[in-house]
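1. A structural model of the following input is requested.
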Amino acid sequence: MIAKVLVLLCLASTTAALVGRTQASGVRGKLICDGKPAAGVVVKLYDDDRGLDADDLMASGKTNANGEFELSGHEDETTPIDPKLNIYHDCNDGIKPCQRKFTIKIPDSYITPGKVAKKIYDAGTIQLAGKFPGEGRDCLH
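-> A predicted model of the protein is given here:
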């Protein structure tokens, strides 16, 4: 009986190590377009997985009528998560297909253990009218 319990404990420990530890992060901010609130803009919080693995979506939403948003989410990883915020918008975009997309990397100091983000990164007020480094277009987000 004791041997069975020890085997089960070892298996549980091994499984937990393979799955990883639960880590959380969050971000808030305000989006504006030409000085006016950018309402209804899609924002998504991801764990950036480099390589062949697809990024893990931790949370998504849209800005409110004032252009404000707040997202938080969690993911299980064996190594520290790499949180990032993707913003998809049409500010000053005319009739071009798809949406403009850019990414903001969230500092590691805003990663906390568990399922609830204890620190929320404040991205501040972001003027969407300008161009951003690494900006692209996204049709499928």
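
2. Could you use CA atoms for every contact and neighbour count after this?
-> Fine.

3. How many neighbouring residues does Met58 have?
-> Residues lying near Met58 (other C-alpha atoms under 10 Å) number 19.

4. hang on, it in a helix?
-> No: according to DSSP: H, G, I helix; E, B strand; the rest coil, Met58 belongs to no helix; its state is strand.

5. so who does it touch?
-> Going by C-alpha atoms under 8 Å, 6 or more residues apart in numbering, Met58 touches Lys44, Leu45, Tyr46, Asp47, Ser72, Gly73, His74, Glu75.

6. And the strands in the protein?
-> Ranges of strands within the chain are 21-33, 36-37, 42-47, 56-62, 68-77, 83-89, 99-105, 112-113, 121-127, 136-138, based on DSSP state E.

7. and the ones you listed as CSV, adding mean pLDDT?
-> Below are those laid out as CSV (pLDDT from 0 to 100):
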stretch, mean pLDDT
strand 21-33, 98
strand 36-37, 98
strand 42-47, 97
strand 56-62, 97
strand 68-77, 97
strand 83-89, 98
strand 99-105, 97
strand 112-113, 97
strand 121-127, 98
strand 136-138, 95
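
8. Geometric centre of this structure: which residue is closest?
-> Leu45 (1.7 Å; C-alpha atoms, centre = their mean).

9. Double-check it against Ser72; I have them as touching.
-> Yes: contact criterion C-alpha atoms under 8 Å: Leu45 and Ser72 qualify, at 7.3 Å.

10. For the two, list the residues in contact with both.
-> Shared contacts of Leu45 and Ser72, counting by C-alpha under 8 Å, 6+ apart, come down to Gly26, Val27, Met58, Ala59.

11. Counting neighbours, which of these comes out on top?
-> The residue in the shared contacts of Leu45 and Ser72 with the most neighbours, by other C-alpha under 10 Å, is Gly26 (27 neighbours).

12. Show the contacting residues for it.
-> Contacts of Gly26 by C-alpha under 8 Å, 6+ apart are Leu45, Glu70, Leu71, Ser72, Gly73, Tyr110, Ala117, Lys119, Ile120, Tyr121.
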